[in-house]
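Colleague: please find the sequence and the predicted model below.
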Amino acid sequence: MTPTLLIADDEKATRDGLRAALEEEFDVFTASNVAEAMSLLRAEPIDLLLTDLRMGGDSGMDLLDQALSLPNPPVAIMMTAYGSVDTAVEAMRRGAWHFVTKPLNLDEVEMLLKRALRSRKLETENRQLREQISDSSGLERLAGKSPAIRKVGDIVRQVAPTRATVLIEGESGTGKEVAAHAIHRLSGRPTEKLVIVHCAALAPQILESELFGHEKGAFTGATQRRIGRFEQADGGTLFLDEIGEIDASIQVKLLRALSERTIERVGSNTPIKVDVRLVAATNKNLAALVARGDFREDLYFRLNVVRLEMPPLRERAEDIVLLAGTFLREFAEENGRPIKPLSDAALRVLRQHSWPGNVRELRTAIEHGVVMSNDPVIDLQHLPAKLFSNSSSIPSSLPIAETSPNDGKIHLAPPREFNLHALETSAIRAALAEASGNRTRAAELLGISRRTLQRKLKEDDD
């Protein structure tokens, strides 16, 4: 992928001269003031920034500060006709990579830009390698011990090191994007970019430009050349989420990109070679869309080289407690709270809920519990009320959920004849029945230790 360079200078002759000298080596953007430059920096993946110190009423130092505060900042080089040691030191102190004075030596500028680019690449690789060391397998977020999720992990390990296109199918909230991250992390290109596009969020014309880029003047409002996501992902992985939503015209261009490994920007007939590993995801049945004529069959076959199906949470119920524990630690740390256990009653509700929103819904429920609990444990009253909106989600051994006429909220109230020992005995019997008499498994279902279960059974016998 051609590196991108933004030249910010209020003198048109300087901008045009630098563009002409550098556009063979770089994809050049230009701006005449700070506002225009920041607009481009937020919209485009700019690798390098070459900015003047003074631009009319604007300051290059202000642009430097704003540019370096972005999530993916460019490498910045300052240029000025007012060079001094003090100015150079201040620019470097604020984060500039280098400093040059006017009149510019174009060979020197080009050499500096190439050195800056190499420096950026090395820093990126070092950061990503550090991340790999701390999260070496890439499968940590696909947590679980159920056969369904273990099968997902096996497929990810098998397919990740290859170049094969992967189609991830599954209900919303099952973790399709998590699987895509794992595939990228375990691929042969983990230090390169993982670029994500949510296809359903964009209108067809915008999505076409987002994927393939456009040339200046390609359509109304195209005031600058734009690099598309395919070019951004060159050498890395492109993840297209909700692939079943893309328009028929874009399906044609996507098929060509996959077949020929080339793209064309909107408004251009020049083919651009790209080396991209594609992972796509959908919560729809693409085969059914093909049968109805709503999705191209040839594109479906190109996408469906390896199919990965993410199981819904209701089919991996044995993973609920493990996932809940992971989310408890995550949100306790994020909110500066101590890690609190879930009460036995709360665990029973989590196990018996149908989880139509899958892992995403469970994650939200645990975050709610962490935030709302001021007690030593996270109990029923700390969980979202929607978990009790369906009577089938309420275990028979729990108090009944009632709606208060005062505030309209759901509260848990014991029935008039509330026998805690009877309810506890009922819960133990139900757990033993579900576990086919296996006491270790029954204790896990109840959220207690096997020793505690043994003691309670002995108390009943006595």
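Modeller: The structure has been received and is ready for your questions.

Colleague: and Val252, how far is that from Glu215?
Modeller: Distance of Val252 to Glu215, computed by Cβ to Cβ, to the nearest Å: 19 Å. (Each C-beta comes from the backbone N, C-alpha and C, glycine too.)

Colleague: with neighbour numbers in mind, choose between these two.
Modeller: Neighbours were counted for Val252 and for Glu215 using other Cβ atoms under 10 Å; Glu215 has more, 16 against 13.

Colleague: pLDDT value on the more buried one, please?
Modeller: Reported pLDDT at Glu215 in the predicted model: 91.

Colleague: residue contacts, the nearest residue to it once chain neighbours are set aside?
Modeller: With Cβ to Cβ, 6 or more residues apart in numbering as the criterion, Glu215 has its nearest non-adjacent residue at 3.9 Å, and that residue is Gly267. Residues in contact with Gly267, defined by Cβ atoms under 8 Å, 6 or more residues apart in numbering, are His214, Glu215, Lys216, Gly217, Ala218, Phe219, Ala222.

Colleague: one more time with 6 Å, if that's ok
Modeller: Residues near Gly267 by Cβ atoms under 6 Å, 6 or more residues apart in numbering: His214, Glu215, Ala218.

Colleague: spatially nearest residue to the residue most central in space within the chain, not counting backbone neighbours?
Modeller: Nearest to the geometric centre of the chain sits Glu177, at 6.4 Å (Cα atoms, centre = their mean). Of all residues not flanking Glu177 in the chain, Asp241 sits nearest, at 6.4 Å (Cβ to Cβ, 6+ apart).

Colleague: how about the helices of the stretch 201-350 of the chain, start to end?
Modeller: Secondary structure of the stretch 201-350 of the chain, counting by DSSP state H, counting those that start in this stretch: helices at 204-212, 229-232, 248-260, 286-292, 297-303, 320-334, 344-352.

Colleague: could you dump those to TSV with mean pLDDT and distance to Lys121?
Modeller: Compiled in TSV, these are given as follows (pLDDT from 0 to 100; distance: least, Cβ to Cβ, whole Å):
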stretch	mean pLDDT	distance to Lys121
helix 204-212	91	24
helix 229-232	94	15
helix 248-260	93	25
helix 286-292	95	37
helix 297-303	96	31
helix 320-334	91	32
helix 344-352	90	46
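
Colleague: which one of those helices is the most hemmed in?
Modeller: Most buried of the helices of the stretch 201-350 of the chain by mean neighbour count (mean count of other Cβ atoms under 10 Å) is helix 229-232; its value is a mean of 23.

Colleague: re earlier: Leu6: which of the helices of the stretch 201-350 of the chain is closest?
Modeller: Among the helices of the stretch 201-350 of the chain, the nearest to Leu6 by Cβ to Cβ is helix 229-232 (15.4 Å).

Colleague: which strands or helices does the closest one pack on?
Modeller: On a contact count with 3 or more Cβ pairs under 6 Å, 6 or more residues apart in numbering; DSSP states H and E, helix 229-232 meets strand 194-198.

Colleague: distance check, Met61 against Thr87.
Modeller: Per Cβ to Cβ, Met61 is found 9 Å from Thr87.

Colleague: swap that for Ser69, please
Modeller: 21 Å.

Colleague: related to what we said a few turns ago, will you turn the helices of the stretch 201-350 of the chain into JSON lines that also has distance to Ala96?
Modeller: Compiled in JSON lines, these are given as follows (distance: least, Cβ to Cβ, whole Å):
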{"stretch": "helix 204-212", "distance to Ala96": "31"}
{"stretch": "helix 229-232", "distance to Ala96": "25"}
{"stretch": "helix 248-260", "distance to Ala96": "38"}
{"stretch": "helix 286-292", "distance to Ala96": "49"}
{"stretch": "helix 297-303", "distance to Ala96": "44"}
{"stretch": "helix 320-334", "distance to Ala96": "34"}
{"stretch": "helix 344-352", "distance to Ala96": "52"}
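
Colleague: quick one, which of the ones you listed is nearest to Val34?
Modeller: Going by Cβ to Cβ, the one of the helices of the stretch 201-350 of the chain nearest Val34 is helix 229-232, 24.5 Å.

Colleague: pairing partners for Ala31 in the sheet, please.
Modeller: Beta-bridge pairing for Ala31 (DSSP bridges): Ala8.

Colleague: who's in contact with it?
Modeller: By Cβ under 6 Å, 6+ apart, Ala31 lies in contact with Ala8, Ala37, Leu40.

Colleague: for the last one, phi and psi?
Modeller: The phi and psi values for Leu40, taken as degrees, to the nearest 10, are phi -70, psi -40.

Colleague: that one reaches Thr30, doesn't it?
Modeller: No: taking contacts as Cβ atoms under 6 Å, Leu40 lies outside contact range of Thr30: 8.6 Å.

Colleague: any idea which of the contacts of Ala31 is the one closest to Val305?
Modeller: Leu40 (36.9 Å).

Colleague: what lies in contact with stretch 149-162?
Modeller: For stretch 149-162, contacts defined as Cβ under 6 Å, 6+ apart pick out Leu139, Leu142, Val166, Ala182, Ile183, Leu186, Ser187, Gly188, Val306, Leu308, Arg316.

Colleague: quick one: list the elements packing against the helix or strand that contains the fourth one.
Modeller: What that stands for is Ala182. Following DSSP states H and E, one finds Ala182 within helix 176-185. Where contact means 3+ Cβ pairs under 6 Å, 6+ apart, helix 176-185 is packed against strand 277-282.

Colleague: low-confidence regions, the protein specifically.
Modeller: Applying pLDDT under 70 to the chain flags residues 82-85, 125-139, 190-191, 388-427, 430, 434, 445-447, 460-462.

Colleague: how does it divide up, domain by domain?
Modeller: 4-131, 147-311, 315-410, 420-461 (automatic domain parsing).

Colleague: just to check, Gly95 is in contact with Leu68?
Modeller: Yes: shown here, Gly95 and Leu68 form a contact pair, counting by Cβ under 6 Å, at 4.5 Å.

Colleague: next, count neighbours for Met111.
Modeller: For Met111, the count of nearby residues is 11 (other Cβ under 10 Å).

Colleague: how near is it to Leu104?
Modeller: 12 Å.

Colleague: next: Gly175.
Modeller: Gly175 is 51 Å from Leu104, by Cβ to Cβ.

Colleague: look at the two and report which has more neighbours.
Modeller: Ranked by neighbour count (other Cβ under 10 Å), Gly175 and Leu104 place Gly175 first, with 25 against 16.

Colleague: residues in contact with the more buried one?
Modeller: Met310, Val359.

Colleague: closest to Lys340 out of the contacts of Gly267?
Modeller: His214 (51.5 Å).

Colleague: show me what contacts the nearest residue to that closest one once chain neighbours are set aside?
Modeller: The shortest distance from His214 to any non-neighbouring residue, by Cβ to Cβ, 6+ apart, is to Val266 (3.8 Å). By Cβ under 6 Å, 6+ apart, the residues touching Val266 are Glu208, Ser209, His214, Ala218.

Colleague: wait, isn't the third one in contact with Gly228?
Modeller: No: taking contact to mean Cβ under 6 Å, the distance of 7.7 Å between His214 and Gly228 leaves them out of contact.

Colleague: now Met92. Its backbone dihedrals?
Modeller: phi -70, psi -40.
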